[in-house]
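Q: Next comes the sequence, and after it the predicted model I'd like to discuss.
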Amino acid sequence: MNSAINKRLPLYLTPEHPCSYYTDRQARTVFGDPRIAPDVELQSRLAQQGFRRSGSYIYRPECNGCRACIAARVDVAGFQPNRSQRRNLRDNAVLEVSIQRSWCTDSLLALYNRYQSHRHPDGQMLAPGETQFREFLLSEWSDTYFLEIRFGTELLGISVFDRLEDGVSAVYTFYEPDAEARGLGTFAILKLIELARSEKSSRVYLGYWLPEHPKMDYKRRFRPLEILVHGEWRRLQFKEA
């Protein structure tokens, strides 16, 4: 691990625990000392080395015998929406998008829990109160914003993101289940790319890409996609069908 990072943020390795993505695998996680609050500079350096933020925790998978989770980011300057993404933008042109500081109300929690009940019916991701919501998505030290998606006055979706030195990091997106046909997850990423471009930022960090995983393989559609391999960011070359 990078010695410069270790001098500023001690790292710890968890015991093995059930993998969130594959039921037949065990996972391990490297996480930063939660007693130390990184600044934006350090968070940016950590993102460049494949770390993510969840609540106030900085973490990265470090599993025995498995490297399925691959840190991925979009090259903003090189990105051009494909046909499907252009259609998504056209179909959602009636929606209003704004950038707001993070907030939490009963209506927001209700939207979040409706989304979780639809996507994760086992209930493991529900946040029945503000404390649980903040512990999962927000932190006191990160430069965190909401990309709000509205149809008139109706809030349809939220994309939580952090501003970094070289771009933005998509933390989590949730939306109204009844509006799933709009492709709001894709729409949110497209709007984050537009935001990064308007701010002359170079990257949108998408978290971990899991090739061929039914819920995590969608990130391959945002090209040029860069992935972190053996500590080096490389542009992924796709073989078209």
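A: Now that the structure is in, tell me what you want to look at. It should be emphasised that the depicted structure is a prediction, and the values quoted were computed from it without experimental measurement.

Q: residue boundaries of the strands in the chain?
A: Ranges of strands in the chain, per DSSP state E, are 11-13, 17-18, 26-27, 29-32, 52-54, 57-61, 70-75, 96-101, 144-151, 154-164, 167-175, 203-209, 225-229, 232-235.

Q: neighbouring contacts of the third one?
A: Read that as strand 26-27. Outside strand 26-27, the residues within contact range by CB atoms under 8 Å, 6 or more residues apart in numbering are 16, 17, 18, 19, 20, 61, 63, 64, 66. C-beta here means a position set from N, CA and C on the backbone, and glycine is covered the same way.

Q: Paired strands for that strand, with orientation please.
A: strand 17-18 (antiparallel) (DSSP bridges).

Q: With the fifth one instead?
A: Strand pairing for strand 52-54, using DSSP bridges, gives strand 57-61 (antiparallel).

Q: angle of the partner strand against strand 203-209?
A: Here strand 57-61 runs at an angle of 60 degrees relative to strand 203-209 (axes from the mean of the first three to the mean of the last three CA atoms, to 10 degrees).

Q: Can you list the low-confidence ranges for this protein?
A: 1-7, 123, 239-241 (pLDDT under 70).

Q: Could you rerun that using 50?
A: 1-4, 241 (pLDDT under 50).

Q: that older thread, possible to save the strands of the chain as JSON lines with distance to residue 131 and mean neighbour count?
A: Output for these, formatted as JSON lines (distance: least, CB to CB, whole Å; neighbours: other CB atoms under 10 Å):
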{"stretch": "strand 11-13", "distance to residue 131": "24", "mean neighbour count": "13"}
{"stretch": "strand 17-18", "distance to residue 131": "23", "mean neighbour count": "10"}
{"stretch": "strand 26-27", "distance to residue 131": "26", "mean neighbour count": "16"}
{"stretch": "strand 29-32", "distance to residue 131": "20", "mean neighbour count": "19"}
{"stretch": "strand 52-54", "distance to residue 131": "15", "mean neighbour count": "21"}
{"stretch": "strand 57-61", "distance to residue 131": "15", "mean neighbour count": "20"}
{"stretch": "strand 70-75", "distance to residue 131": "29", "mean neighbour count": "22"}
{"stretch": "strand 96-101", "distance to residue 131": "19", "mean neighbour count": "12"}
{"stretch": "strand 144-151", "distance to residue 131": "16", "mean neighbour count": "19"}
{"stretch": "strand 154-164", "distance to residue 131": "16", "mean neighbour count": "21"}
{"stretch": "strand 167-175", "distance to residue 131": "17", "mean neighbour count": "23"}
{"stretch": "strand 203-209", "distance to residue 131": "24", "mean neighbour count": "23"}
{"stretch": "strand 225-229", "distance to residue 131": "33", "mean neighbour count": "19"}
{"stretch": "strand 232-235", "distance to residue 131": "36", "mean neighbour count": "12"}
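
Q: Just list the residues touching residue 134, thanks.
A: The contact partners of residue 134, taken as CB under 8 Å, 6+ apart, are 55, 104.

Q: Residue 90 versus that one, what's the distance?
A: 36 Å (CB to CB, to the nearest Å).

Q: do residue 235 as well
A: For residue 235 relative to residue 90 (CB to CB), the value is 28 Å.

Q: Also residue 72?
A: In this view, residue 72 and residue 90 are 26 Å apart by CB to CB.

Q: Next, format the strands of the chain as TSV and append distance to residue 108.
A: Compiled in TSV, these are given as follows (distance: least, CB to CB, whole Å):
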stretch	distance to residue 108
strand 11-13	32
strand 17-18	29
strand 26-27	30
strand 29-32	27
strand 52-54	18
strand 57-61	22
strand 70-75	27
strand 96-101	11
strand 144-151	9
strand 154-164	7
strand 167-175	9
strand 203-209	22
strand 225-229	31
strand 232-235	34
